[in-house]
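Novice: Could you work out the structure for the sequence below:
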Amino acid sequence: MATTGAAGRPEKRRAITAAATTVFGREGYVRASMDAIAAEAGVSKRTVYNHFADKETLFLSVALQNSAELAERMRELLAEHLEGAVDVRSALTAFAVERANAAPAAGELGALGRAIRAEVANIPADVLEAWLETGPAAAQRALAQCLAELGGRGLLTVPDPGLAAERFTLLTFHGVAERSFWGALPVAEEEVRRLAGSAVDAFLRIHGGPAEG
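Specialist: The predicted structure follows:
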């Protein structure tokens, strides 16, 4: 990721990236301007360019930060609910509910993700690829690893952990994500739990281990 080099104080850079996250999430990639980001950060446009060569470089920086933070949250949820799980249905359902609820709770990070999805055709291909690899793809790999571990303990049947992770995400997450417009609108907690429970049951009909029949 290219920058302009010597770049001034770290607190200025943090202010700029925070402001860019807000502006890109609010206005999208195409409409966002370096002037608006500078105003949001309370710095001059020259200061923004002292830290970032152009809008694409700044967007890449905040997109990678966004995706890394969301992937880390995913790993935390996996560790909390799936590592060492014994009751696999309850563990998978609790994880699915918290994962679904994490999208509305993501705030400006969620807004940036929605902006990326909405403007995918306008975002430079290398930026989009880096965002996908650091965030969604990394999260899916972490999920696949946890499902493989559950399979290794006989709780699931997962000959292809990557495919199992893809199915789990499609069944348990995307329905809620679509209803909430990827976290922009709330979905009632009881509805999230109902969708998660039925989706996990469907997943277990495909990948359940001996204990699930």
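Novice: and the gap between the nearest residue to residue 17 once chain neighbours are set aside and residue 161?
Specialist: Leaving aside its chain neighbours, residue 17 sits nearest to residue 62 (5.4 Å; criterion: Cβ to Cβ, 6 or more residues apart in numbering). Bear in mind the C-beta positions are built from the backbone N, C-alpha and C, glycine included. For residue 62, the distance to residue 161 (Cβ to Cβ, to the nearest Å) stands at 31 Å.
Novice: Which one's more surrounded, the two?
Specialist: Under the neighbour definition other Cβ atoms under 10 Å, residue 62 and residue 161 were set side by side, and residue 62 has more, 25 against 22.
Novice: For that one, give me its contacts.
Specialist: Listed by Cβ atoms under 8 Å, 6 or more residues apart in numbering, the contact set of residue 62 reads 17, 20, 21, 24, 112.
Novice: three-state assignment of the first one?
Specialist: This points to residue 17. helix (DSSP: H, G, I helix; E, B strand; the rest coil).
Novice: Near it, how many other residues are there?
Specialist: 19.
Novice: Surely it touches residue 60?
Specialist: No: counting by Cβ atoms under 8 Å, residue 17 does not reach residue 60; the two are 11.0 Å apart.
Novice: avg pLDDT for stretch 13-23?
Specialist: The average pLDDT for stretch 13-23 rounds to 94.
Novice: ok, now stretch 52-72?
Specialist: Averaged over stretch 52-72, pLDDT sits at 92.
Novice: Much appreciated, bye for now.
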